[in-house]
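# When you get a sec, could you give me coordinates for this:
(2 chains)
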Amino acid sequence: DTAVSQTPKYLVTQMGNDKSIKCEQNLGHDTMYWYKQDSKKFLKIMFSYNNKELIINETVPNRFSPKSPDKAHLNLHINSLELGDSAVYFCASSRTEGITEQYFGPGTRLTVT
Amino acid sequence: AQSVTQPDIHITVSEGASLELRCNYSYGATPYLFWYVQSPGQGLQLLLKYFSGDTLVQGIKGFEAEFKRSQSSFNLRKPSVHWSDAAEYFCAVGAKSGGYQKVTFGTGTKLQVIP
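Model prediction:
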């Protein structure tokens, strides 16, 4: 059973388009995250949700809008895609209590042309 | 705010040789420290973690790490590297932010294993 899954795995699109990435976890965790990994492998937190509520929102352009329909899902919608949005996007989840390990999805490689 | 430094961007070792990957952290209180591994095309997987107690922690795949408060370090070690260990390794520090956890990752060390 896949713990954290993301779709699609690859996404190639043109500048200006709008796209979404979906994430689902079956671990029963209350907290989910989106990370962006750039071409140099630097991993940076974008958003964190707890029980469908936004709790961490780093300095991310408001073209990025996360949505959590329930605590098992956290989707990422990106409007007006730019070349600089090309990266690998990882979804992760964790328990809420304390500071615990995070479980990562396989990533979505977004390429904007 | 917490931060993590991994001074080595790229390390090459021979198969069977020992390995040490360096990690230094900056955090005002007792840190929660992690090592994750990312194989090519994969997500991150936890190798080990330190929260408190014994400063030498054992992880999966034969890895261990030692927490040294005086040096603000949490170096990862393995006595004998296997070709399958070739991957990107991330050190991370966790802290509470507004009642919830926030994990900050280092920039990663890419491990190459040669026969």
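# What residues does chain A have near chain B?
For chain A, the residues in contact with chain B (Cβ under 8 Å from any Cβ of the partner chain) are A:4, A:31, A:40-45, A:48, A:50, A:55-56, A:90, A:92, A:94, A:96, A:98-107. No exception for glycine: its C-beta is placed from N, CA and C like everyone else's.
# List only buried entries from the residues you listed.
For the residues of chain A next to chain B, a burial check counting by 16 or more other Cβ atoms under 10 Å in any protein chain shown picks out A:4, A:31, A:41, A:43, A:45, A:48, A:50, A:55-56, A:90, A:92, A:94, A:99-107.
# beta partners of residue B:87?
With DSSP bridges applied, residue B:87 shows beta-bridge pairing to residue B:111.
# Pretty sure it sits against residue B:35.
No: Residue B:87 lies out of contact with residue B:35 (Cβ atoms under 8 Å); the separation is 11.4 Å.
# So which of the two has more stuff around it?
residue B:35 (24 against 21; other Cβ atoms under 10 Å in any protein chain shown).
# any idea which element the more buried one lies in?
strand B:32-38 (DSSP states H and E).
# now the angle from whichever helix or strand comes after that strand to strand B:32-38?
The element immediately downstream of strand B:32-38 (helix or strand, assigned by DSSP H and E) is strand B:44-50. On the basis of axes from the mean of the first three to the mean of the last three Cα atoms, to 10 degrees, strand B:44-50 is oriented at 150 degrees to strand B:32-38.
# Can you check the pLDDT for residue A:1?
Per-residue pLDDT puts residue A:1 at 65.
# before we move on, what about residue B:51?
89.
# quick one, phi/psi of the residue lying farthest from the centre of chain A?
Farthest-out residue of chain A from its mean C-alpha position, per Cα atoms, centre = their mean: residue A:98, at 21.7 Å. Phi and psi for residue A:98, reported as degrees, to the nearest 10, are phi 70, psi -160.
# Let me see the contact set for it.
Going by Cβ atoms under 8 Å, 6 or more residues apart in numbering or on different chains, residue A:98 touches residue B:101.
# Grab the nearest non-local neighbour of the residue in chain A positioned nearest to chain B.
Here chain A gets closest to chain B at one residue, residue A:104, 3.5 Å apart by Cβ to the nearest Cβ. Nearest non-adjacent residue to residue A:104, counting by Cβ to Cβ, 6 or more residues apart in numbering or on different chains: residue B:43, 3.5 Å away.
# Equivalent analysis for residue B:76, please.
Using Cβ to Cβ, 6+ apart, the closest residue to residue B:76 is residue B:21 (4.3 Å).
# what's the answer for residue B:36, then?
Nearest non-adjacent residue to residue B:36 (Cβ to Cβ, 6+ apart): residue B:44, at 4.2 Å.
# Then residue A:67?
Nearest non-adjacent residue to residue A:67 (Cβ to Cβ, 6+ apart): residue A:75, at 5.0 Å.
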